[in-house]
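Asker: missing the sequence, but the structure's below:
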């Protein structure tokens, strides 16, 4: 006999069960309820004995379990199981009957019964009932959770997935993939689960390999895997997705639970942002170029128009001063006017440099050198610019400077700064080759800066000597042609005493003022006037010219370019550069290019006349400012690379040898004999302390002398 006991809390939760009993015997039904109550259950039960009654009961009420007899007059347990299945209810079905035999019990269990309890042994009924009800509740909760997950996954902007991988990181299968895959990739979840390649073939080879290696790496460390992949849709379009997954080891292998999110709109927005940034940078650069162009235009107007007008005014004032009678008050007023014009010229130069330094036309390195000099002048701190050979070469080559001018592409400068008290260097930007590693001509250990300056000036005079000798030969030839004729000798003497000057400036007022000054000076004749490059070359071809007074900026060509061309066509021609630019910025360049002198337009008229006469006599005219610039250049001579010590012809030979030209080809290119080319080669090898053409070529390539 069963004994009553107190129900546990878990059993009390199951006390109010709703049970549908399929039983034709009322006594057995009452005994069933009595047994349940004795074990702590207070069931709400209902007895049915036909299929129709069971269907009505299932449709009208909710039930927690069904307990059925096997044999009924109008029904059976197997029929009850079918009726329960057709109703769609997930309710535990317990078969409780008399002796029916093992085969029938097994048949009922296969049909869907949870358990079989003999009526003569009801002790297992309550545990079986609780177990079946609990399992049914868990199944319902799992279905609800899966339905909620499916609904949530359907509303996500991506794809939930579960992935199984091999130890090497290869994709083995997709046990789960949400319906978002159909919307995002055009792949049904069932297809991806059955055939992983249907998903993987949408990836590029690069992304597929990155997926494999990324999963393998994350599997070793247990970290979350994240990556961005490109997936091709069913329509052939490419979309960017961001995938992330966390590994989880199970008995069946390594599983990954993750999410794939479509980030194509974000990528498109980033690309649009980058394009906007590129356009903004382009616009900013355009605005900077426009502003720079405006500054350059204003500076050019100040330099050309205002500077030219002031130069003409100064020339007129100088002419007027010589013509005024001895009136002290008028002379004082005139001197005041000359002083005002001089200050105005200095101010115009300063304003033009502030708007756009003319050194910018020669590249970044000369501009930095000019800035360093300006800084030194303003603050009294010694400052020199440092640039390695490669950077200076790119700056010079880009701006078309002559390769062997001072400050050319291969000039190396050491830039350091010291304050007035001789403190430690303010800055060391030297990125070039160490001094000890560079070869350069040796000098005596006791040679001072003044000695180097004097040696440089002797070199300048030596280069001017051929022009003086040519002039003397021309004069002797004219005297010989007129020998024996006194009138002819006198005319020849007067002709020799007159210097024919060509004025090249793009401002007529400046040319008029200069012509007036030269005519009043005596001994100077205006051979012609030109306002551009074509005019200069035309007069030089058609007229005898002794001295060319050349502005630095002319329409068509730069002054240094005109100087070089004019010297090539007329070797005996003396060229005097006459410009608004200060001597320190352009004077050394002009002298190196072959000019007889460099004079600022702010110089007094008498200085201009002296410079022209010195140039006509074959001498160089060096102003104090230009002498200072030469001294600074000589002080920096120790840093000059070896190739800057070469002559023009030797430098040309160096470049042709480094370019792979044979001796005969070099001779033909330079219009020289092969023997002369051999002499130039021997000289440059000696100066550069090299032995073979291979070393020469290596040096030229290293220093950017050849492409």
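Answerer: Cool, got the structure. Everything numeric here is computed off the predicted structure, so don't read it as measured data.
Asker: From here on, just use CA atoms for contacts and neighbour counts.
Answerer: OK.
Asker: and residue 518, how far is that from residue 549?
Answerer: Per Cα to Cα, to the nearest Å, residue 518 is found 11 Å from residue 549.
Asker: Have a look at these two and say which one is more surrounded.
Answerer: Neighbour count, other Cα atoms under 10 Å: between residue 518 and residue 549, residue 549 has more, with 25 against 21.
Asker: Check which helix or strand that one maps to.
Answerer: Secondary structure from DSSP states H and E places residue 549 in strand 547-550.
Asker: before we move on, what about residue 539?
Answerer: Counting by DSSP H and E, residue 539 is part of helix 533-542.
Asker: How far away from the center of its chain is that helix?
Answerer: The chain centre lies 47 Å from the centre of helix 533-542; the measure is Cα atoms, centre = their mean, to the nearest Å.
Asker: and what of stretch 367-374?
Answerer: How far stretch 367-374 lies from its chain's middle: 27 Å, per Cα atoms, centre = their mean.
Asker: Settle this for me: residue 192 is touching residue 202, isn't it.
Answerer: No: the criterion here is Cα atoms under 8 Å, and residue 192 misses it with residue 202 at 11.5 Å.
Asker: any low-confidence regions in the stretch 501-650 of the chain?
Answerer: Counting by pLDDT under 70, the stretch 501-650 of the chain contains low-confidence ranges at 582-586, 632-640.
Asker: mind listing the helices for it?
Answerer: Per DSSP state H, counting those that start in this stretch, the stretch 501-650 of the chain carries helices over the ranges 508-521, 533-542, 559-569, 583-593, 605-616, 624-635, 648-658.
Asker: same thing with the stretch 51-200 of the chain?
Answerer: In the stretch 51-200 of the chain, helices defined by DSSP H, counting those that start in this stretch lie at 51-60, 77-87, 102-111, 125-155, 180-184, 189-194, 197-200, listed in chain order.
Asker: any idea which of those helices is most buried?
Answerer: helix 180-184 (a mean of 19; mean count of other Cα atoms under 10 Å).
Asker: for the record, mean pLDDT for that helix?
Answerer: Across helix 180-184, the average pLDDT comes to 80.
Asker: helices and strands around it, which ones?
Answerer: Where contact means 3 or more Cα pairs under 8 Å, 6 or more residues apart in numbering; DSSP states H and E, helix 180-184 is packed against strand 158-165.
Asker: chain center to the strand it packs on, what's the gap?
Answerer: For strand 158-165, the separation from the chain centroid amounts to 39 Å (computed by Cα atoms, centre = their mean).
Asker: That strand pairs with which strands, and in what direction?
Answerer: According to DSSP bridges, strand 158-165 has the following sheet partners: strand 171-177 (antiparallel), strand 253-262 (antiparallel).
Asker: what comes up buried for the longest helix along the chain?
Answerer: Scanning the chain for the helix with the most residues, using DSSP state H, yields helix 264-301. Buried residues in helix 264-301, counted by 16 or more other Cα atoms under 10 Å: 295, 296, 298, 299, 300.
Asker: go on, stretch 666-686?
Answerer: If you call a residue buried by 16+ other Cα under 10 Å, then stretch 666-686 has these buried ones: 666, 667, 674, 677, 680, 681, 684, 685.
Asker: ok, and what's touching that stretch?
Answerer: Contact with stretch 666-686 is made by 646, 649-651, 653-654, 656-657, 663-664, 691-692, 696, as judged by Cα atoms under 8 Å, 6 or more residues apart in numbering.
Asker: go on, stretch 543-553?
Answerer: 499-506, 527, 558-560, 572-579, 612, 615-616.
Asker: Quick check: end-to-end length of it?
Answerer: 23 Å.
Asker: Can you give me the buried ones in it?
Answerer: By neighbour count on 16+ other Cα under 10 Å, the buried set for stretch 543-553 is 545, 546, 547, 548, 549, 550, 551, 552, 553.
Asker: so which of those comes closest to residue 120?
Answerer: The nearest member of the buried residues of stretch 543-553 to residue 120, counting by Cα to Cα, is residue 553 at 125.8 Å.
Asker: Break this protein into its domains for me.
Answerer: Residue ranges for the domains of the chain, per automatic domain parsing: 9-148, 156-262, 275-437, 449-642, 648-702.
Asker: could those domains be laid out in a markdown table, adding distance to residue 268?
Answerer: Output for the domains of the chain, formatted as a markdown table (distance: least, Cα to Cα, whole Å):
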| stretch | distance to residue 268 |
| --- | --- |
| domain 9-148 | 33 |
| domain 156-262 | 9 |
| domain 275-437 | 10 |
| domain 449-642 | 49 |
| domain 648-702 | 45 |
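Asker: Out of these, which gets the lowest mean score?
Answerer: Taking the mean pLDDT of the domains of the chain, domain 275-437 comes last: a mean of 66.
Asker: residues in contact with the residue nearest to residue 557 when sequence neighbours are not counted?
Answerer: Nearest residue to residue 557 in three dimensions, chain neighbours excluded: residue 533, at 6.0 Å (Cα to Cα, 6 or more residues apart in numbering). By Cα under 8 Å, 6+ apart, the residues touching residue 533 are 554, 555, 556, 557, 562.
Asker: For the residue nearest to the second one when sequence neighbours are not counted, give me phi and psi.
Answerer: Right, residue 555. Spatial nearest neighbour of residue 555, chain neighbours left out: residue 532 (5.2 Å); criterion: Cα to Cα, 6+ apart. For residue 532, the backbone dihedrals (degrees, to the nearest 10) come out as phi -150, psi 180.
Asker: Residue 532: what's it in contact with?
Answerer: Contact partners of residue 532, counting by Cα under 8 Å, 6+ apart, are 504, 505, 506, 554, 555, 556, 557.
Asker: So how do I select the buried members of these in ChimeraX?
Answerer: The ChimeraX command for the buried members of the contacts of residue 532 (criterion: 16+ other Cα under 10 Å) is given here:
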select :504,505,506,554
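Asker: Look at residue 16 and give its secondary structure.
Answerer: Here residue 16 is coil, with the state taken from DSSP: H, G, I helix; E, B strand; the rest coil.
Asker: surely it meets residue 45?
Answerer: No: contact criterion Cα under 8 Å: residue 16 and residue 45 do not qualify, at 9.9 Å.
Asker: rewinding a little: now the helices of the stretch 501-650 of the chain as TSV including distance to residue 57?
Answerer: Shown next, in TSV, are these (distance: least, Cα to Cα, whole Å):
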stretch	distance to residue 57
helix 508-521	120
helix 533-542	115
helix 559-569	113
helix 583-593	111
helix 605-616	128
helix 624-635	115
helix 648-658	108
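Asker: right, and these - which one's nearest residue 103?
Answerer: Smallest distance to residue 103 across these (Cα to Cα): 105.7 Å, for helix 648-658.
Asker: Packing partners of the closest one?
Answerer: Applying 3+ Cα pairs under 8 Å, 6+ apart, one finds that helix 648-658 contacts helix 663-670, helix 674-688, helix 693-702.
Asker: one step back: right, so of the helices of the stretch 501-650 of the chain, which gets closest to residue 386?
Answerer: Taking Cα to Cα, helix 624-635 is the member of the helices of the stretch 501-650 of the chain nearest to residue 386, at 14.4 Å.
Asker: Any idea which of the helices and strands packed on helix 648-658 gets closest to residue 352?
Answerer: With Cα to Cα as the criterion, residue 352 lies closest to helix 693-702 of those, at 38.0 Å.
Asker: quick one: the closest one to helix 648-658, angle?
Answerer: With axes from the mean of the first three to the mean of the last three Cα atoms, to 10 degrees defining the directions, helix 693-702 sits at 100 degrees from helix 648-658.
Asker: Now do the buried residues in helix 693-702.
Answerer: Within helix 693-702, the residues that count as buried by 16+ other Cα under 10 Å are 696, 697, 699, 700.
Asker: Among the residues you listed, which pair sits farthest apart?
Answerer: Longest span within these, Cα to Cα: 696 and 700, 6.2 Å.
Asker: In TSV: the strands paired with strand 158-165, plus distance to residue 226 and mean neighbour count.
Answerer: As requested, the strands paired with strand 158-165 are arranged in TSV below (distance: least, Cα to Cα, whole Å; neighbours: other Cα atoms under 10 Å):
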stretch	distance to residue 226	mean neighbour count
strand 171-177	16	19
strand 253-262	10	19
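Asker: Fine by me, we can end here.
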